[in-house]
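Engineer: Build the 3D model from these lines:
(one chain, ligands or ions: 2)
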Amino acid sequence: MPERSKLLCVSLNPAVDRRIIVPSLRVGEVNRATSADPQAGGKAAHVAFAAVSLGAEVRWLAFLGGPDGESCRRGVEARGAVPVVVETAGRTRSTLELIDESTGAITEVLEPGPEILPEERDRMLFCFGEELSNAPVVALSGSLPRGIESSIYCDLIEAAKREGCTVLLDTSGAALEYSLKAQPSLIKPNRQEASALLCREIQTADDAIGAAQELRTRGSESVVLSLGAAGAVVADADGILLGTAPKLEVISTVGSGDSFLGGWAVGVADGLDRVERLRLAIACGTANCVANNPGVLDRKLVVELLQQVVIEQR
Ligand SMILES: Nc1ncnc2c1ncn2[C@@H]1O[C@H](COP(=O)(O)OP(=O)(O)O)[C@@H](O)[C@H]1O
Ligand SMILES: O=P(O)(O)OC[C@H]1O[C@](O)(COP(=O)(O)O)[C@@H](O)[C@@H]1O
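Structural biologist: Ligands and ions are numbered 1, 2, ... in the order given. As a prediction, this is how the structure comes out:
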C-alpha cells in the first residue's frame, strides 16, 4: 500500500464556527434560523479536513481552551485528523457565518480569540518543534489570538525550514507582512488580502499576475493569489500559472481558500508538479463551495472537477 502523505496543520486561533441559515436576513429585527450548526473551525481545521478528504494523514496543532476548545478538539478528531493540543487559560473563540437564503449573501463575524500567556506561547513553540519530524509539509493558517506578537509565524517558519519542511502560510494583515521576513515556501493571499498588502486594487488577470510577482519579491519563495470564482494565479521560480475554476451553484465559499490550501499541501506532499498541484488546489477550493461543512470535500467531486480546471502558462 502506498504511504499516505503527512501534513501538519497549525491553528494559533482556532474557533467553533457557527453557520446559521435564515430565510431572509432583516438587519435590526428578530430573525429565526432554519438551521444552526456549530463545527470545529478556524482556517487550519478546514485545511486539515480537506487534506483528510483526499486521504492524507493529518496532525492538527492548536491552542485550545474552555468548552468550545474541547468541542473543537472532538470535532477535529471526529473528522479524522489527529488533534495535538496546547491548552490555554483563555477560552477558544467562536465565529458566526450568517447565510441569507433569499440572496445567498454571507455575513461573517469573527471574535478576536483568547489572550495567550507567555508560557502557553512557549509551549506551542516546543510542541511545534516536536511535531516537525513527522511532517514534511506544514500549513500555518489564520489570524493570531491576543497576546501573541506578529513575529510568531517567523519563529515557526524558521524552525520548520531548519528541519527541511515545506511551509505554507495563509494569514493576513500585519501577521502576513511580518512573516515574509522568514521567507515561507508559499503564501496564499486572496484578492482582498493581497490588495490590502499592496495598497492597490486587483481586478484583472494582469493585475493579479503583477500583484503575485510583486509579493514574491517581498520574501515568499512562491505566491498563490486566489481569485474566488475566477481561480488563482501562481508566481514562482518557474514563472506564472493562471488557473480557471469550474463553475457551479455555490452553497457557501467559506473555507474555499482553506480547501484550496489543503489540496495544494497534499499536492506538495505527493510530489505533484506545479501544474497538477494548482489543478488539485482549485478543484478542492471549488468542491468546497458545495460542501455542507467547510473543508469536508466529496473526493469523487474533486476528481470530476479536476478535468474542468483550465491551467495556462504565461
Ligand atoms: N464562486 C466560486 N466558484 C467556483 N470556485 C470558487 C468560487 N469561490 C471560490 N472558489 C474556489 O476556491 C478557491 C479559493 O477561493 P478564494 O475565495 O479566493 O479564497 P478565500 O476563501 O481565501 O477568500 C478559488 O481559487 C476557487 O478554486
Ligand atoms: O483566523 P481568521 O483569519 O480570523 O479566520 C477564521 C475564519 O476563517 C474561516 O475559516 C473562513 O476562511 P476562508 O478565508 O477560507 O473563507 C472561518 O470559517 C474561520 O473560522
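Engineer: So which residues on the protein come close to ligand 2?
Structural biologist: By CB under 6 Å from any ligand atom, the part of the chain that sits against ligand 2 consists of 13, 15, 17, 41-43, 46, 95, 110, 142-143, 254-258, 294. Backbone N, C-alpha and C define where each C-beta goes, glycine included.
Engineer: Emit the ChimeraX select command for whichever of those are buried.
Structural biologist: Of the residues of the chain next to ligand 2, the buried ones can be selected in ChimeraX as follows, counting by 16 or more other CB atoms under 10 Å:
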select :13,15,17,41,42,43,46,95,110,142,143,254,255,256,257,258,294
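Engineer: Which ones among the residues of the chain next to ligand 2 lie within strands?
Structural biologist: 15, 17, 41, 95, 110 (DSSP state E).
Engineer: which of those lies closest to residue 117?
Structural biologist: Lowest distance from residue 117 to those (CB to CB) belongs to residue 15, with 19.2 Å.
Engineer: so what's that closest one bridging to?
Structural biologist: Taking DSSP bridges as the rule, residue 15 bridges to residue 41, residue 93.
Engineer: Equivalent analysis for residue 62, please.
Structural biologist: For residue 62, the beta-bridge partners are residue 11, residue 85 (DSSP bridges).
Engineer: How confident was the prediction at it?
Structural biologist: Looking at residue 62, its pLDDT stands at 98.
Engineer: Ok, residue 2 next?
Structural biologist: At residue 2, the pLDDT value in this model is 57.
Engineer: Equivalent analysis for residue 150, please.
Structural biologist: Value for residue 150, per-residue pLDDT: 89.
Engineer: so residue 285 touches residue 227, yeah?
Structural biologist: No - contact criterion CB atoms under 8 Å: residue 285 and residue 227 do not qualify, at 10.0 Å.
Engineer: Compare these two and say which one has the larger neighbour count.
Structural biologist: The residue with more neighbours, out of residue 285 and residue 227, is residue 285; 31 against 21, by other CB atoms under 10 Å.
Engineer: how about the more buried one, what does it touch?
Structural biologist: Residues near residue 285 by CB atoms under 8 Å, 6 or more residues apart in numbering: 226, 232, 245, 256, 257, 259, 260, 263.
Engineer: Repeat the analysis, applying 7 Å as the threshold.
Structural biologist: By CB atoms under 7 Å, 6 or more residues apart in numbering, residue 285 lies in contact with 226, 245, 256, 257, 259, 260.
Engineer: Show me which of the residues you listed is closest to residue 151.
Structural biologist: residue 257 (23.4 Å).
Engineer: and the stretch 151-300 of the chain, which residues reach ligand 1?
Structural biologist: Checking the stretch 151-300 of the chain against ligand 1 by CB under 6 Å from any ligand atom, the hits are 190, 226-229, 231-232, 245, 250, 253, 256-257, 260, 282, 285-286, 289.
Engineer: let's see 8 Å
Structural biologist: 170, 188-193, 226-232, 243, 245-248, 250, 253-260, 281-286, 288-289 (CB under 8 Å from any ligand atom).
Engineer: Now, of these, which are buried?
Structural biologist: Looks like these have 170, 188-191, 193, 226-228, 231-232, 243, 245-246, 253-260, 281-286, 288-289 buried, using 16+ other CB under 10 Å.
Engineer: Give me the helices and strands touching the host helix or strand of residue 98, please.
Structural biologist: Using DSSP states H and E, residue 98 maps to strand 93-100. If contacts are counted by 3 or more CB pairs under 7 Å, 6 or more residues apart in numbering; DSSP states H and E, strand 93-100 sits against strand 15-22, strand 106-110.
Engineer: list the buried ones in the shortest one?
Structural biologist: Under the neighbour-count criterion of 16+ other CB under 10 Å, strand 106-110 has residue 110 buried.
Engineer: Note down every partner strand of it and its orientation.
Structural biologist: Looking at strand 106-110 with DSSP bridges, its partner strands are strand 93-100 (antiparallel).
Engineer: Show residues contacting the partner strand.
Structural biologist: By CB under 7 Å, 6+ apart, the list of residues contacting strand 93-100 reads 13, 15-22, 24-25, 41, 68, 106-114, 252, 254.
Engineer: Among the contacts of residue 285, which are located in helices?
Structural biologist: In helices, judged by DSSP state H, the following of the contacts of residue 285 are found: 256, 257, 259, 260.
Engineer: and which of those is nearest to residue 215?
Structural biologist: Nearest to residue 215, judged by CB to CB, of the ones in helices among the contacts of residue 285 is residue 257 at 15.4 Å.
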